[in-house]
Each structure stands twice: as C-alpha cells, then as structure tokens.
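Colleague: what's the 3D shape of this:
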Amino acid sequence: MYGPGGFFVREEPGAHFRTSVHASRLFARAVARLTDRVDAALGRPAELALLDVGAGRGELHAGVLDEVDGALARRLRPCAVERAPRPPALDARVEWRDALPPPGSVTGLVFANEWLDNVPLDVAEVDADGVARYVRVDRTGRERLGGPVGGADARWLERWWPLGPEPGLRAEIGRTRDEAWAAAAGTLARGLAVAVDYAHTRADRPPFGTLTGYLDGREVRAVPDGGRDLTAHVALDACAAAVGAGGGGDGAGGAHAGRGGTAYTQRAALHALGVRGGRPPLSWATTDAAAYVRALGTAGEAAELTDPGGLGGFTWLVCPVGMADPFA
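Modeller: Reported below is the predicted structural model:
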C-alpha cells in the first residue's frame, strides 16, 4: 500500500472511502476548536504546531485553515505527514513530509484520523491443535497457516488479545500500531496527541478479527496486491499503554481512562467541541426560510458525524503531554 505505485501513493483515498473529514466541514471546525483549546492550555506559545499524521491529500489542514483567524492563524504551523506526494493545490503554509518529526520537537496538537487502522500488522489464527500461528497470504489473497506465534508477538497476544483453543479464532497483532502511536505521540514536547479510529478493547475483541479491504467505495476482500485499501480496527487500549505504561479503568461519561490517555466516543468528543445534530426551531421556517434550510443541512451533517452507529462510533484516544485533558 505504501511502496512505489502502492494504493496510498497512487490513489485519491477519498474516492474509495469516506472519512469524517470528507463527510462535513464541521469536523475540521471541531479540530480547529480543539487546536484553540490546546493553544490556550499551553499559554499561547509563539508557534503552535498542528501535525496531521496520515494526512491523505491535506483535506483536514485545508478545512482547519479556513476556520482559524487572528493571532492563532499567524502562529499556527500546520504540518502533514504522508507518503504520497504533496498535492499541487495545497495551501503553501502546510509543511509536507513523509516521516514524523524528531521526538520531542512538537508543541501543539498531533492528530491522526484513521491512520492507525492502516498501519500494517500480522494476523494470527488458531490451528486444529489449538496453537496460534501466523497467517501467511500471497498476492492473490490465498492464505495458509505459517509458524507458531512467538516472542514479542506472543507476549502481546497474551496481554492484549488472548486466544482460546478453538480452531479458527483469529487475532490481529497490534504491536506495530502500538509502536507507531508511541512514536507519533513521542514527537510532542508539550501538547495533545489524538488518534481517531474504529477500535475495540480487551473486553470486546472480535473473535475472527476485522481485517478487510475497500475499493471504489465498496468493501472487498483483503488482498495484499497494492491496489486496494487494507484496514483493521485498532486495539487502542494497547496503544494507550504503549504511550503511558498502560492500565486504566472505566471513567465517567462513557470514557475509558488509562495512564496513556483517555478514550472517548467521537459522539462525546464532538459534542464537547460544539458539534450537535439538534434540529433548528421550526419557527425559523416561516421567519427565515433560507436560514432554516442552512441550519437543517448543518444539523444533518452533525448528526452523521455523531451517529453512534456510524461515524459517531469512532473512538478518540486523547493523550495529553504537559497539559490537562481538554475533554475531562
């Protein structure tokens, strides 16, 4: 997916799947509000970074830059991390790079929207003898079981995704995602790191995994041919532990708190940032019909972003560094 001519280098991701950024300008507006909260919490530094990890074609930065103004706009330093070439029409203020900045070099907000689900990982499956083995796959999608899972991968499974003896049970070994998220959050000297993805926790791991593919807006087989998106939901509790040495329990308000951060539903996070899907007063329809129609459209977009059965079901892993959690 990431090599020369691979899916994420060659294709326009928005043509194949729809993220919250593509769904509504309200998402970028919410991120702009979060950026302002981080800025205030850090004491309005001389420069504030907004680092978008897995930036696609820069759509989030384009939306945020449309929303910020005044002193924050002058001090904001937007930076995109993406393997694909820089889009020619992208705002010149956005720095474009193919790797993370050095550790401890960022003051501001690190935001990773649907990035970790595309970080490659290995899949394990329990064989007829109850042994967890690596799943091997060729470029046609044909699978076979390989050697037993061992070493660091086996330790990860034992801690985060223990498999029973039943043949056919599967797990997606998220150690690579843990390392990727620890590296992204580790770029912060001070600020906030946020990962947004479909996720699960140790208490509710799917018994057969979640690995799938997307192409032309449709779910397809997960074939590693470089011509389609490959994605799997994220064990964000393990990612949090990789940043903060783990642990955690259920917090108030539907959040899950751990020493490496706190997990919120997208619905809760966006509500806290002022995005709500409430219908405008019907009286507007007679006093200002145009305003009513605009408000109704905005409410529909907000409802889509916060629908618990859709985009609102995403999880936001919020990891503060040298500041308080702005959602707490």
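Colleague: got the residue ranges for the helices in the protein?
Modeller: With helices called from DSSP state H, the chain shows them at 7-10, 20-23, 25-41, 59-67, 70-75, 151-160, 175-185, 236-244, 266-272, 284-287, 289-306.
Colleague: which residues touch the second one?
Modeller: Yep, that's helix 20-23 we're talking about. 14, 27-28, 56, 59-60, 63, 113, 196, 266, 301, 304-305, 311, 314 (C-beta atoms under 8 Å, 6 or more residues apart in numbering). For every residue, glycine as well, the C-beta is placed using N, CA and C.
Colleague: run the last query once more with 7 Å
Modeller: Helix 20-23 has contacts (C-beta atoms under 7 Å, 6 or more residues apart in numbering) with 14, 27-28, 59-60, 63, 113, 301, 304-305, 311.
Colleague: Neighbour count, distance to Arg75 and pLDDT added to these, as CSV?
Modeller: CSV is the format used below for the contacts of helix 20-23 (neighbours: other C-beta atoms under 10 Å; distance: C-beta to C-beta, whole Å; pLDDT from 0 to 100):
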residue, neighbour count, distance to Arg75, pLDDT
Gly14, 14, 29, 62
Phe27, 27, 22, 93
Ala28, 21, 18, 94
Glu59, 21, 22, 94
Leu60, 25, 18, 95
Gly63, 19, 18, 95
Asn113, 23, 23, 95
Glu301, 16, 29, 79
Glu304, 17, 32, 86
Leu305, 23, 28, 85
Leu311, 22, 30, 84
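Colleague: just curious, which of these is nearest to Ala184?
Modeller: For these, the closest approach to Ala184 (C-beta to C-beta) belongs to Asn113, at 12.0 Å.
Colleague: ok, back up a step: ranking the helices of the chain by burial, who's on top?
Modeller: helix 236-244 (a mean of 24; mean count of other C-beta atoms under 10 Å).
Colleague: who's in contact with Glu219?
Modeller: So Glu219 contacts Thr212 (C-beta under 7 Å, 6+ apart).
Colleague: hey, least reliable of the helices of the chain by pLDDT?
Modeller: Lowest mean pLDDT within the helices of the chain: helix 284-287, at a mean of 66.
Colleague: returning to that earlier point: which single one of the contacts of helix 20-23 is nearest to Ala272?
Modeller: Closest approach to Ala272 among the contacts of helix 20-23 (C-beta to C-beta): Leu305, at 13.0 Å.
Colleague: ok, so what distance separates the closest residue to that closest one other than its chain neighbours from Ser24?
Modeller: In space, and not counting its chain neighbours, Leu305 is closest to Leu311: 5.2 Å by C-beta to C-beta, 6 or more residues apart in numbering. Going from Leu311 to Ser24 by C-beta to C-beta, to the nearest Å gives 9 Å.
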